[in-house]
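A.B. asks: Sequence plus predicted model, see below.
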Amino acid sequence: MSKEGSLGIVETQYFTFAEPPQEMILEFGEQLGPITIAYETYGALNAVKNNAILVLHALSADAHAAGYLEGEKDPGWWDAMIGPGKAFDTDKYFIVCSNVIGGCKGSTGPSSLDPRTGRPYALDFPSITIADMVRAQRCLIDHLGIEKLLCVAGGSMGGMQALQWVAAYPEMVRSAIPIATALKHSPQQIAFNEVVRQSIMADTAWRNGDYYDYGQPERGLALARMIGHITFMSDKSMEEKFSRRLKQGHYSFNFAADFEVEGYLRYKGDAFVKRFDANSYLYITKALDYFDLSGGKLIPHGTVDTRFLVISFKSDWLYPSYQSQEIVRHLKTRHVDATYCELRSTYGHDAFLVELEEMKELVRHFLDKTYNGYGVLKNYEI
Amino acid sequence: MKSDALRLDYRIIYDIIEPGSRVLDLGCGSGELLYVLASQKNTRVQGIELKDEAIYQCVKKGLSVFNSDIETGLVEYPDQSFDYVILNQSMQEVTQVDFIIHEALRVGGKVIVGFPNFAHISARLRLIFQGRAPMTKALPHHWYDTPNVRCFSLSDFKEFCKEKEVRILKACYLGENDVVRFWPNLFALNAIFVLTRP
């Protein structure tokens, strides 16, 4: 196995398309344009262009998946997985990560300027879906000159996009790795998202979405994120991380953050306000809730040549394993070449972001065999 | 690995399966058999396995495998999805044998079952003369740590097939290193049956 290394300094790039009058028609019929998407690439596209992998991010992440941006001390959100010698090996593969539309990390979203008014779209931004995000990514992939992706991979909402890629463009996808995801949100998942949205909208500073001259609805957005973080962890990981430890060693009796877990949630909430747009959170959580590839819609007819590696985590109660098993059951009915593994991590839904040896090994070997085919299989020594 | 270096039961199953077949292995372990079938007989293979470590080994070999138990592993497949469904050394570990065999026959054209013989002479002697629960080379576990929940002999299984109207296409009886031809219910440690619907 090659030694793992870091990508070092990386840079976010931008691609703008769908300039009026060629706006993109969205799934619900509205138009959007021009559209900018922020993206990063790592490694090099080979001459035959068959080593490109599209990595797809979750709800609040961005195009910066690996390496370090100039002047920043934390690496990208999937740095554990992407880099020289890592599972997504940048010595072998060309990795693309694009920010979703509707977001606020360099791609067109509700906080972008509406060219018709010169002001932020706010709630005039059209309703977007996972399919729209994927259609925009398709434009980027075309722009990069890639006809077929070696793999589409992502966790949570990133997994939904991976599934949507197969549903929309099966001939463009050699393999897919949906992790900790679902064909559709359950009522429980929609309920959590609704509480998240209500906490933003209940903040008077939200001003019906038109807050850009005044600043974010900080209390509401922070609360929304606190709720989110509870659902990302497991009972066990919270016990391990915080137990009932106190911040000051004694109770305050005045509703201050006595317990470490309270301090953690407040810190995460406050930090989130500085980096994420409240309206984007509303739009993207709705896109998650609208997503539905159940009932055979993932592969409506016949079969596909796309290989699958489906991964879930035992302790993930937000996207429980049964939802991944639903994906697998559908793949079985369509005779799709697929592997499914439920990993034993205790980290809850967050597990896909944590450095997990089993996941790294599964992804590494799955990609290797997909890329090199049976040539490698034949040479394998047992 | 070449097919002739495989363990005896794998070698027999390997020889039964025609090149290019679609194969499902229920309880495929770390995938040795599927690997040679895929790489040397150009079969399209799928494994089902419960143990994590075995699944990682399969993926390492480039095999596709589902993390599932045998009972739930079969249900979603459309009828006749495979040419062969293999149940090697796993049937004695499931409670619903009847259900599994019928599901396997629904999903596959032919079903290959391999299982240890509880009526092997050493098991009988141990029971009669020592008064101890059967242990043989094919039944290496103690009564307290065995994964086996169904204890049956070759004769029992033949009787079962007759009762359930399952056709036996072929039967192979295995000793320690070679096939057994004489009085298999007494001298075979393991058996491999190829089943189909009548």
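C.D. replies: Arrived safely, thanks for sending.
A.B. asks: which secondary structure element contains B:Val113?
C.D. replies: B:Val113 is part of strand B:108-116, with elements assigned from DSSP states H and E.
A.B. asks: That strand pairs with which strands, parallel or anti?
C.D. replies: strand B:82-88 (parallel), strand B:190-196 (antiparallel) (DSSP bridges).
A.B. asks: Just the CA atoms of the first one, as PDB, please.
C.D. replies: The C-alpha trace of strand B:82-88 is given here as PDB (Å, rounded to 0.1, in the frame of the first residue of the first chain):
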ATOM      1  CA  PHE B  82     -29.400 -17.200 -11.000                       C
ATOM      2  CA  ASP B  83     -28.400 -20.400 -12.700                       C
ATOM      3  CA  TYR B  84     -26.900 -21.700  -9.400                       C
ATOM      4  CA  VAL B  85     -27.600 -20.900  -5.800                       C
ATOM      5  CA  ILE B  86     -24.900 -22.300  -3.500                       C
ATOM      6  CA  LEU B  87     -25.600 -23.200   0.200                       C
ATOM      7  CA  ASN B  88     -22.300 -24.800   1.200                       C
END
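A.B. asks: starting at the chain centroid, how far to that strand?
C.D. replies: Centre-to-centre, strand B:82-88 and its host chain are 9 Å apart (Cα atoms, centre = their mean, to the nearest Å).
A.B. asks: swap in the last one?
C.D. replies: The gap between where strand B:190-196 is centred and where its chain is centred comes out at 8 Å by Cα atoms, centre = their mean.
A.B. asks: Buried residues in it, which are they?
C.D. replies: Judged by neighbour count using 16 or more other Cβ atoms under 10 Å in any protein chain shown, the buried positions of strand B:190-196 are B:Asn190, B:Ala191, B:Ile192, B:Phe193, B:Val194, B:Leu195. Yep, even glycine has a C-beta here, placed from its N, CA and C like the rest.
A.B. asks: The third one against B:Ile168, yeah?
C.D. replies: No - taking contact to mean Cβ atoms under 8 Å, the distance of 10.9 Å between B:Ile192 and B:Ile168 leaves them out of contact.
A.B. asks: Relative to chain A, how far out is the residue located most distally from the centre of chain B?
C.D. replies: Ranked by distance from the centre of chain B (Cα atoms, centre = their mean), the top residue is B:Phe129, with 30.2 Å. As for B:Phe129, its distance to chain A is 41 Å (criterion: Cβ to the nearest Cβ, to the nearest Å).
A.B. asks: ok, which stretches of the stretch 101-250 of chain A are helices?
C.D. replies: With helices called from DSSP state H, counting those that start in this stretch, the stretch 101-250 of chain A shows them at A:130-143, A:157-168, A:187-201, A:218-232, A:235-241.
A.B. asks: The second one to helix A:130-143, inter-axis angle?
C.D. replies: Going by axes from the mean of the first three to the mean of the last three Cα atoms, to 10 degrees, helix A:157-168 is angled at 70 degrees with respect to helix A:130-143.
A.B. asks: out of the helices of the stretch 101-250 of chain A, nearest to chain B?
C.D. replies: Of all the helices of the stretch 101-250 of chain A, it is helix A:157-168 that lies closest to chain B, at 15.7 Å by Cβ to the nearest Cβ.
A.B. asks: okay, the spatially closest residue to B:Tyr77 that is not a sequence neighbour: pLDDT?
C.D. replies: Take B:Tyr77 and drop its neighbours on the chain: the residue closest to it by Cβ to Cβ, 6 or more residues apart in numbering or on different chains is B:Val107, 4.4 Å away. pLDDT for B:Val107: 97.
A.B. asks: just A:Lys378 next, same as before
C.D. replies: 44.
A.B. asks: And for B:Leu6?
C.D. replies: Predicted confidence (pLDDT) for B:Leu6: 84.
A.B. asks: how much space between it and B:Ile12?
C.D. replies: As judged by Cβ to Cβ, to the nearest Å, B:Leu6 and B:Ile12 stand 9 Å apart.
A.B. asks: for A:Ala191, same thing?
C.D. replies: On the measure of Cβ to Cβ, A:Ala191 and B:Ile12 end up 55 Å apart.
A.B. asks: Spell out which parts of chain B neighbour chain A.
C.D. replies: With Cβ under 8 Å from any Cβ of the partner chain as the criterion, chain B comes near chain A at residues B:1, B:32, B:35, B:38-39, B:44, B:46, B:52, B:55-56, B:58-68, B:76-78, B:81.
A.B. asks: how about 7 Å then?
C.D. replies: Residues of chain B lying near chain A by Cβ under 7 Å from any Cβ of the partner chain: B:1, B:32, B:35, B:38-39, B:52, B:55-56, B:59-62, B:64-67, B:76-78, B:81.
A.B. asks: Out of those, which end up buried?
C.D. replies: Looks like these have B:32, B:35, B:38-39, B:55-56, B:59-62, B:64-67, B:76-77, B:81 buried, using 16+ other Cβ under 10 Å.
A.B. asks: Point out the ones among those residues that are inside helices.
C.D. replies: Counting by DSSP state H, the part of those found in helices is B:Glu32, B:Tyr35, B:Ala38, B:Ser39, B:Ile55, B:Tyr56, B:Val59, B:Lys60.
A.B. asks: could the residues you listed go into a markdown table alongside distance to A:Glu23 and pLDDT?
C.D. replies: A markdown table is the format used below for those (distance: Cβ to Cβ, whole Å; pLDDT from 0 to 100):
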| residue | distance to A:Glu23 | pLDDT |
| --- | --- | --- |
| B:Glu32 | 56 | 95 |
| B:Tyr35 | 51 | 94 |
| B:Ala38 | 48 | 93 |
| B:Ser39 | 51 | 89 |
| B:Ile55 | 46 | 96 |
| B:Tyr56 | 47 | 95 |
| B:Val59 | 43 | 94 |
| B:Lys60 | 47 | 93 |
